[in-house]
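Peer 1: How does the following fold in three dimensions:
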Amino acid sequence: MDELIKLLDPGLTLEKYEIAGDIIKLYVTSEKTELICPFCNMASARVHSHYDRSFQDLPIQGKKTVVIISNRKMFCNNPECSHTTFAEQFDFLAHKAKKSKRLKEEIIRVSLKQSSVSASEYLRKSVVDVKKSTICNYLKKIRDNNQ
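Peer 2: Residues are numbered from 1 along each chain as shown. Alright, predicted model coming up:
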């Protein structure tokens, strides 16, 4: 299972996992010792606090996958920075997102070929819990970006 997490980000470590019904929960932590402040680009190793951040990812062996990251909040060392703290960020997950980028791409791929209602039903059975309105929002953003 640890290799699956490394595919998402090589800097993650699987701490434990749980399988309940059709859901796999993966609990992970980051191995990075320093993080870069997104506001001033200065490195910091000073941890302010931790919080759990969960999101859905692609299914594993036909089971829906939820990843729970022990996310760190860091102090910024730059006295000139506009922020005193910042949260750890990951390339595979947009800010405040509840679905990984690769899962969002799969939802869009499936939804382009059928109605949002039938796509939602299909995805809910096999890949992820997603509502018709979420699919419509994803497709609207694609349409707006192409104009």
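
Peer 1: Strands of this protein, residue ranges please.
Peer 2: In the chain, the strands defined using DSSP state E lie at 12-20, 23-30, 35-36, 43-44, 47-60, 63-75, 85-87.

Peer 1: which helices and strands does the biggest helix by length in the chain pack with?
Peer 2: Longest helix of the chain, by residue count under DSSP state H: helix 132-146. Helix 132-146 sits against helix 101-111, helix 116-126, with contacts defined as 3 or more CB pairs under 8 Å, 6 or more residues apart in numbering; DSSP states H and E. (Each C-beta comes from the backbone N, C-alpha and C, glycine too.)

Peer 1: what's the most buried one of these?
Peer 2: Sort the helices and strands packed on helix 132-146 by mean neighbour count, taking mean count of other CB atoms under 10 Å, and helix 101-111 sits at the top with a mean of 17.

Peer 1: What are the contacting residues of it?
Peer 2: For helix 101-111, the surrounding residues in contact (CB atoms under 8 Å, 6 or more residues apart in numbering) are 56-58, 92-94, 97, 99, 119, 122-123, 127-128, 130, 134-135, 138-139, 142.

Peer 1: and it with helix 116-126, angle?
Peer 2: 130 degrees (axes from the mean of the first three to the mean of the last three CA atoms, to 10 degrees).

Peer 1: And helix 101-111, how far out from the chain middle?
Peer 2: The chain centre lies 13 Å from the centre of helix 101-111; the measure is CA atoms, centre = their mean, to the nearest Å.

Peer 1: Tell me the span between the first and last residue of stretch 3-12.
Peer 2: Using CA to CA, to the nearest Å, one end of stretch 3-12 lies 10 Å from the other.

Peer 1: Mind listing what's buried along it?
Peer 2: By 16 or more other CB atoms under 10 Å, the buried positions in stretch 3-12 come out as Leu4, Ile5, Leu8, Asp9, Leu12.

Peer 1: Next, the contact list for the second one, please.
Peer 2: Shown here is Ile5, whose contacts under the criterion CB under 8 Å, 6+ apart are Leu12, Thr13, Leu14, Leu26, Val28, Val67.

Peer 1: cool, Cys81 as well?
Peer 2: Cys37, Phe39, Cys40, Met42.

Peer 1: what's the distance between it and Val127?
Peer 2: Distance, Cys81 to Val127, using CB to CB, to the nearest Å: 40 Å.
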